[in-house]
Each structure stands twice: as C-alpha cells, then as structure tokens.
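J.: Using only what follows, build the 3D model:
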Amino acid sequence: TGMRDGLSSDHVHPTPAGYAVMAPIAERAFKAALARPAPTRAIIAR
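T.: Residues are numbered from 1 along each chain as shown. Presented below is the predicted three-dimensional model:
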C-alpha cells in the first residue's frame, strides 16, 4: 500500500509532486466541509 511511485520517496510522506496532487483534493474537501452549516448544539465525545 502507499502512494504511487514518484509521489513519495518512502510510500508514506509526499514529495512536492505528491503535495501537488493532494492540494486540489484537500481544497475541495475543506470547501465542502466549510460550506455546511455549523451544528446548532455541541457535539460531546464520550
């Protein structure tokens, strides 16, 4: 498992090319999460 060749030198930590692939994916996820309304009451972890 791990990252495709060229995107990581150790199959865990991204190279600059790996970050370039990840950046637009992460940006879309952040925008989608921030577009949702905030919860109206606190969520308490048990």
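J.: Count the residues that sit near G18.
T.: 16 (other Cβ atoms under 10 Å). No exception for glycine: its C-beta is placed from N, CA and C like everyone else's.
J.: Let me know the distance separating the nearest residue to it once chain neighbours are set aside from T15.
T.: The shortest distance from G18 to any non-neighbouring residue, by Cβ to Cβ, 6 or more residues apart in numbering, is to L7 (3.6 Å). Applying Cβ to Cβ, to the nearest Å, the value for L7 to T15 is 6 Å.
J.: which of those two has more neighbours?
T.: Remark: of L7 and T15, L7 carries more neighbours, 18 against 14, as counted by other Cβ under 10 Å.
J.: how far away is that one from T40?
T.: L7 sits at a distance of 40 Å from T40 (criterion: Cβ to Cβ).
J.: ranges for the helices of this protein?
T.: Taking DSSP state H as the criterion, the chain carries its helices at 16-35.
J.: any low-confidence regions in it?
T.: 1, 46 (pLDDT under 70).
J.: Look up how far I43 lies from the most centrally placed residue in it.
T.: Centroid-nearest residue in the chain, with Cα atoms, centre = their mean: A26, separated by 4.1 Å. Relative to I43, A26 is positioned 23 Å away (Cβ to Cβ).
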